[in-house]
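1. what shape does this take:
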Amino acid sequence: MLTIQQPRPFPVVSRVPTPSSMIPVVSRVPTMILGMDVSHGSPGQSDVPSIAAVVNSRQWPSIYRYRASVRTQSPRVEMIDSLFKRVSDRVDGGVMRFWLFCYFLLPFIDDAYFMITFAHYSGSTQDGSACKNLDENWNPRFVVIVAQKNHRTRFFQQGSPDNVLPGTVIDNTVCHPQNNDFYLCAHAGMIGTTRPTHYHVLLDEIGFSADELQELVHSLSYTNQRSTTAISVVAPIWYAHLAASQLGTFLKFDEAPETSSSHGGVTAPGAIPVPQLPWLNKNVSDSMFFC
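-> Predicted coordinates:
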């Protein structure tokens, strides 16, 4: 059992500086926002397990409080297995009260792997197996968005040395001619040139308009507890990154066990056992300890 002492409580979190009714769809339809990230070992450390983190929003219609689910998996594996089950086991009041799920991913992959990512995360949702196993009459809608940071695209103001203004969206000319994607500079770059986040909409079963989807993403960039201004990526992804990084430090001080438990780690048949993460105190695991 591992207990983490929080430096201070977080009774109040940042709120979007616009009325919640202005957030498209999410403010009207029971929605769960999910952010996912996978943390890997340093280059050359092929035996260090990857750490997958998933955060999900709580207390709809609020989209500001999150809970994290973190576990280890085989080294250098980007995809997160059993994603829907991991989330449904930890939802307050039951996962079936939600009718819209918005997935935000931050995989460090090339454009060529986007379809593989789409097939992995949307396969069980499109055929309905993930939902039908819980309730045959439950048929929620899904939105899957990939946030890409490892690119070299930059934007500048014409005739000005300053960075582009916070909230700048580029959704034409330099975007993909067929795919649904856009660049968003949500934050104000303090040093150097602002690096935009490239968002790829892999699945949209709601039918958001371009403006609605961009407004949703932009609003989520303002909900980070550590900042009173917008950050460069949506808060759920940043929270998942923090959770994976924070729990990953515990593995550095623990020797890898000879065998791995089925809880907390995923090991492929015949592969080297993956050490599991230590148990967190329930009061900690249900809080935003990663902040």
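2. how about Asn56, phi and psi?
-> Torsion angles at Asn56 (phi, psi; degrees, to the nearest 10) stand at phi -130, psi 140.
3. ok, Phe182 - how many residues close by?
-> If you count neighbours by other Cβ atoms under 10 Å, Phe182 ends up with 21. All C-beta spots, glycine's among them, are computed from the backbone N, C-alpha and C.
4. contacting residues around it?
-> Residues counted as contacts of Phe182 (Cβ atoms under 8 Å, 6 or more residues apart in numbering) are 169-171, 175, 198-199, 210, 214.
5. give me the mean pLDDT for the helix or strand containing Ala147.
-> Assessed by DSSP states H and E, Ala147 sits inside strand 141-148. For strand 141-148, the per-residue pLDDT values average out at 90.
6. torsion angles phi and psi at the residue positioned nearest the centre of the chain?
-> Nearest to the geometric centre of the chain sits Gly35, at 1.7 Å (Cα atoms, centre = their mean). Note on Gly35: backbone dihedrals following degrees, to the nearest 10 are phi -120, psi 140.
7. how about the contacts made by it?
-> Taking Cβ under 8 Å, 6+ apart as the test, what Gly35 contacts is 54-55, 66, 104, 106, 234-240.
8. do you know how far it is from Thr72?
-> 18 Å (Cβ to Cβ, to the nearest Å).
9. and if you look at Gly159?
-> Per Cβ to Cβ, Gly159 is found 51 Å from Thr72.
10. neighbour count winner among the two?
-> Neighbours were counted for Gly159 and for Thr72 using other Cβ under 10 Å; Thr72 has more, 25 against 5.
11. hmm, Pro275 and the more buried one touching each other?
-> Yes. Using Cβ atoms under 8 Å, Thr72 makes contact with Pro275 at a distance of 6.3 Å.
12. returning to what we had before: restricted to helices, list the contacts of Phe182.
-> Those of the contacts of Phe182 mapping onto helices are 210, 214, per DSSP state H.
13. which ChimeraX command selects the buried ones in the contacts of Phe182?
-> In ChimeraX, this line selects whichever of the contacts of Phe182 come out buried by 16 or more other Cβ atoms under 10 Å:
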select :169,170,171,175,198,199,214
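14. which of the contacts of Phe182 sit farthest apart?
-> Across these, no pair lies farther apart than His198 and Ala210, at 15.0 Å, counting by Cβ to Cβ.
15. ok, back up a step: what pLDDT is listed against the residue nearest to the centre of the chain?
-> Here, the pLDDT recorded for Gly35 equals 92.
16. go on, the one 10 residues further on?
-> With respect to pLDDT, Gln45 scores 72.
17. how about it, nearest residue that isn't a chain neighbour?
-> Pro75 (7.9 Å; Cβ to Cβ, 6 or more residues apart in numbering).
18. quick one: contacts for the one you found?
-> Pro75 is in contact with 40-41, 45-50, counting by Cβ under 8 Å, 6+ apart.
19. so which of those wins on neighbours?
-> Among these, the one with the most neighbours (other Cβ under 10 Å) is Pro49, at 29 neighbours.
20. could you report the separation of it from Thr72?
-> Look at Pro49 and Thr72: by Cβ to Cβ, they are 4 Å apart.
21. just Ala210 next, same as before
-> 38 Å.
22. ramachandran angles for Ala244?
-> According to degrees, to the nearest 10, Ala244 has phi -70, psi -40.
23. pLDDT weak spots in the stretch 1-150 of the chain?
-> Along the stretch 1-150 of the chain, segments meeting pLDDT under 70 span 1-22, 81-82, 84-94, 107-115, 118, 120-134.
24. so which residues make contact with stretch 157-173?
-> Stretch 157-173 has contacts (Cβ under 8 Å, 6+ apart) with 155-156, 181-189, 193-194, 196, 210, 214, 218, 229-230.
25. any chance you could map the helices in the stretch 101-250 of the chain?
-> For the stretch 101-250 of the chain, applying DSSP state H, counting those that start in this stretch gives helices covering 114-126, 129-132, 210-220, 235-251.
26. need the contacts of Phe182 in CSV with pLDDT, can you?
-> What follows is the contacts of Phe182, written out as CSV (pLDDT from 0 to 100):
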residue, pLDDT
Val169, 96
Ile170, 94
Asp171, 94
Cys175, 90
His198, 93
Tyr199, 94
Ala210, 92
Gln214, 94
